[in-house]
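In: no sequence on this one, just coordinates:
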């Protein structure tokens, strides 16, 4: 009889366990928030994260073009284009970045003649060239070679396949820069001049000492160590089929580790609520555990009110600088609030760039000439570029002549700094031959190694050895000298 | 003569009835399986034409350290899972099948135990991520309140605990399923055996080891093999628990299929991913044959 009681308890217990778990509801923060935020930020017009369609022009138009893209920019371009081309109708399909590549692959591998125009970001372009998705723009009737020299060099080169044929062209340039607060610079560094402030960011070691200066004065140099990701190094990851980890990569690693370990940042991840908040004023200083997600009491992806309530007892600080490509101008424009006019932009420790929409014609399109006309309209037309600068309120176009026309434009958010001249200078330093198709995977593995070291999961030696192992198993064709 | 033709016609009609299934099966199962086999001998990148490279992908799989690490991770998680899953299911089966206890409400218990299996893996993963949260999860709060631990345990963030916890979550999801199958097997055994044993004075343990287990052997084999096939293909729970990364913490949750996913969908090496899939298939095949030979042997 006693046995039966024990049994009954056990059965009831396991029943409660299953039922209890069914009843409670789980909630979690997804790291997808970060990528969504990033893609939203990369588009200059407002972006939704779902597939959306917009049609510009009359339904009885003679020619119908279909564009597949990742951001709403091209919808705006299409609206403008049909104003002067009434016999063309353009359907622009905006596809969520996470699904974009798969969708393009499926459509083009399956021989679909739609879309007529596809876009690519730098990290996917090489694969698209290898797959032969784009029409060769060097041949008749396009003769893209005649436009050589009109577009900023690195963007023009990024549009070329490895055998040097022009396949895609972009209307924008995306060189990276350091966005800094002039008022803080003046107080701590004694100057707010972009060239002189740039000296405090000239290499990774100097950035570290600048970070210490900022902390000593009660500020934080960056929201988090992720801010340096666009300046991760100037060298190519793979050279002549050999893995190349130069001293600058190791210095970059040391910088990230030191920023994290010595509490030199506010531990606010890029694209999170406090990250945006710091653009307009002070934010709470978080902890390393919050940044790497092990302390879930503070949800940095929550809305402003929830976030402030969770951090009301934290010490606060102001953030000195952000590292972002030229489209960061548009993000700051919407978030600086009362600090407008107090910003400046200077060069970082290396030349980097981030993103950019490259437009090409699908090889299977039946409307190639109409597509080429639209492509030229978006990328090689001075009037469009001037209109786009106005319309996007500060995006940086790729047409050299237009950048030259705007070289004396003073941007009031940045204390009257001539940003177009600055971005053109930065873009000219970018050497696109250093970009390889391995960069995403190897860059991620290097970032994983840095994360493992800074959070104490492994020693520097183990993490670097593991990095070599990961690279060699992912790309056996690369030779590695350890 | 007339009836003969009629029968023949009827036979032909049967073929028409099975066409829908055969077509769907051929398009969505047979073709992908064969296509994957072909791709595993090529350097296909997901686009363009596949280039035939012979056994190179398979040689690479066998010399790939991370493949074997992923395989060991998978076996470890599955191993703990199957012990807990089958252990619990067996215990429940013994309790419910023992004629001396005369347990009532079997159908209610069966339904309740099966419930976790009905929740989608995504929900289960997030549910446990919340419950097992390092600093604010209910499990740690309870453990601290009753004094079992002073500091919260980082269940999902440590190499020592994360795989075990993942195994327990899988066991929790699947024990009801195993229980139903084992129970059905036990109910298929004639009551005469148990009564005879009882009359002969056999105790519970003797009855269990000498009657229940031998007669359940085919069922146990079935549960084992299906669990192995599912277990070695484990993907959703570890993938979600490690937040879509390469098996955080420190790769301890990276399973074979997660490793395959990396090549098939992240680095455009579809040919290599196909070779990993077929290597996994061969491993499962070999282990299944061994299981059949050992567990099924004494039946003959």
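Out: Arrived safely, thanks for sending. Computed from a prediction, not measured in an experiment: that's the story for all the values here. Residues are numbered from 1 along each chain as shown, chains lettered A, B, ... in the order given.
In: Contact residues of the stretch 201-300 of chain B facing chain A?
Out: B:243-244, B:246, B:249-250, B:262-263, B:266-268 (C-beta under 8 Å from any C-beta of the partner chain). Backbone N, C-alpha and C define where each C-beta goes, glycine included.
In: biggest separation within the residues you listed, which pair?
Out: Spatial extent of those (C-beta to C-beta) is set by the pair B:249 and B:268 at 27.3 Å.
In: What about the residue of the stretch 301-450 of chain A found nearest chain B, how many residues nearby?
Out: Chain B sits closest to residue A:441 of the stretch 301-450 of chain A, with a gap of 5.4 Å, by C-beta to the nearest C-beta. When neighbours are counted by other C-beta atoms under 10 Å in any protein chain shown, residue A:441 registers 19.
In: mind checking the SS state of it?
Out: Judged by DSSP: H, G, I helix; E, B strand; the rest coil, the three-state class of residue A:441 is helix.
In: Okay, buried residues for stretch A:263-279 please.
Out: Neighbour-count burial for stretch A:263-279 flags A:264-279 (criterion: 16 or more other C-beta atoms under 10 Å in any protein chain shown).
In: Name all residues that make contact with residue B:69.
Out: Counting by C-beta atoms under 8 Å, 6 or more residues apart in numbering or on different chains, residue B:69 touches B:251, B:254.
In: So what does residue A:56 have for phi and psi?
Out: Main-chain torsions, residue A:56, degrees, to the nearest 10: phi -110, psi 140.
In: what about the closest residue to it other than its chain neighbours, how many neighbours?
Out: Once flanking residues are discounted, residue A:56 sits nearest to residue A:78: 4.2 Å by C-beta to C-beta, 6 or more residues apart in numbering or on different chains. Neighbour count for residue A:78, taken as other C-beta under 10 Å: 26.
In: Secondary structure element for residue A:78, which one?
Out: Using DSSP states H and E, residue A:78 sits within helix A:73-84.
In: Tell me which residues of that helix come out buried.
Out: Buried, per 16+ other C-beta under 10 Å, within helix A:73-84: A:73-82.
In: Any regions of the chain where pLDDT drops low?
Out: Picked chain A for this. Chain A contains residues with pLDDT under 70 at A:1-50, A:294, A:296.
In: Switch to chain B, please.
Out: Along chain B, the parts satisfying pLDDT under 70 run over B:1-8, B:99-100, B:244-248, B:296-300.
In: got the contact list for the most centrally placed residue in it?
Out: Central residue of chain B (C-alpha atoms, centre = their mean): residue B:230, 2.8 Å from the mean position. For residue B:230, no contacting residues are found, by C-beta under 8 Å, 6+ apart.
In: Show the buried residues in the residues of the stretch 201-300 of chain B next to chain A.
Out: B:243, B:246, B:249-250, B:262-263, B:267-268.
In: Turn those into JSON lines, columns for secondary structure.
Out: Compiled in JSON lines, those are given as follows (three-state DSSP):
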{"residue": "B:243", "secondary structure": "coil"}
{"residue": "B:246", "secondary structure": "coil"}
{"residue": "B:249", "secondary structure": "coil"}
{"residue": "B:250", "secondary structure": "coil"}
{"residue": "B:262", "secondary structure": "helix"}
{"residue": "B:263", "secondary structure": "helix"}
{"residue": "B:267", "secondary structure": "coil"}
{"residue": "B:268", "secondary structure": "coil"}
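In: okay, these in a markdown table with distance to residue B:128 next?
Out: A markdown table is the format used below for those (distance: C-beta to C-beta, whole Å):
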| residue | distance to residue B:128 |
| --- | --- |
| B:243 | 13 |
| B:246 | 20 |
| B:249 | 15 |
| B:250 | 20 |
| B:262 | 24 |
| B:263 | 28 |
| B:267 | 30 |
| B:268 | 33 |
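In: surely the residue of the stretch 301-450 of chain A closest to chain B meets residue A:474?
Out: Yes. Residue A:441 lies in contact with residue A:474 (C-beta atoms under 8 Å); the separation is 5.6 Å.
In: anything in contact with each of the two?
Out: When contacts are counted by C-beta under 8 Å, 6+ apart, residue A:441 and residue A:474 have residue B:267 as shared neighbours.
In: If we ignore the residues flanking it in sequence, what's nearest the closest residue to chain B within the stretch 51-200 of chain A?
Out: Closest residue of the stretch 51-200 of chain A to chain B, C-beta to the nearest C-beta: residue A:131 (3.6 Å). Distance criterion C-beta to C-beta, 6+ apart; nearest residue to residue A:131, sequence neighbours excluded, is residue B:47 at 3.6 Å.
In: again, but for residue B:51
Out: Spatially, and ignoring its direct neighbours in sequence, residue B:51 is nearest to residue B:43 (5.0 Å; C-beta to C-beta, 6+ apart).
In: Got the domain ranges for chain A?
Out: Here the domain parsing of chain A from automatic domain parsing is A:41-174+A:355-406, A:176-352+A:435-474.
In: SS state for residue A:65?
Out: strand.
In: Neighbours of residue A:320, how many?
Out: So residue A:320, with other C-beta under 10 Å, has 28 neighbours.
In: do you know how far it is from residue A:203?
Out: According to C-beta to C-beta, to the nearest Å, residue A:320 stands 18 Å off from residue A:203.
In: repeat for residue A:471
Out: 25 Å.
In: And these two? Which one has more around it.
Out: residue A:471 (21 against 14).
In: tell me the contacts of that one?
Out: A:243, A:441-442, A:445, A:478, A:480.
In: Any chance of a markdown table for those, columns distance to residue A:122?
Out: Below are the contacts of residue A:471 laid out as a markdown table (distance: C-beta to C-beta, whole Å):
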| residue | distance to residue A:122 |
| --- | --- |
| A:243 | 21 |
| A:441 | 14 |
| A:442 | 15 |
| A:445 | 19 |
| A:478 | 20 |
| A:480 | 25 |
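In: What parts of the stretch 1-150 of chain B come near chain A?
Out: Checking the stretch 1-150 of chain B against chain A by C-beta under 8 Å from any C-beta, the hits are B:45-48, B:60, B:64-67, B:88, B:92, B:95, B:101, B:109, B:112-113, B:115-116, B:119, B:123, B:126-131, B:133-136.
In: swap the cut-off to 6 Å and go again
Out: Counting by C-beta under 6 Å from any C-beta of the partner chain, the positions of the stretch 1-150 of chain B adjacent to chain A are B:47-48, B:64, B:66, B:95, B:112, B:115-116, B:126-127, B:129-130, B:133-136.
In: tell me which of those residues is nearest to residue A:220?
Out: residue B:135 (23.8 Å).
In: pretty sure residue A:90 is in a helix, no?
Out: No. Counting by three-state DSSP, residue A:90 is not part of a helix but strand.
In: Not counting sequence-adjacent ones, nearest residue to it?
Out: Distance criterion C-beta to C-beta, 6+ apart; nearest residue to residue A:90, sequence neighbours excluded, is residue A:78 at 4.0 Å.
In: how about the strands in chain A?
Out: Assigned by DSSP state E, chain A shows strands spanning A:52-56, A:63-69, A:88-94, A:117-120, A:168-170, A:176-181, A:238-239, A:242-243, A:283-284, A:316-317, A:321-325, A:343-346, A:358-361.
In: quick one, what contacts the closest residue to residue A:472 other than its chain neighbours?
Out: Of all residues not flanking residue A:472 in the chain, residue A:480 sits nearest, at 5.5 Å (C-beta to C-beta, 6+ apart). Residues in contact with residue A:480 (C-beta atoms under 6 Å, 6 or more residues apart in numbering or on different chains) are A:243, A:468, A:472.
In: One more pass at 10 Å, please.
Out: A:242-245, A:467-469, A:471-472 (C-beta atoms under 10 Å, 6 or more residues apart in numbering or on different chains).
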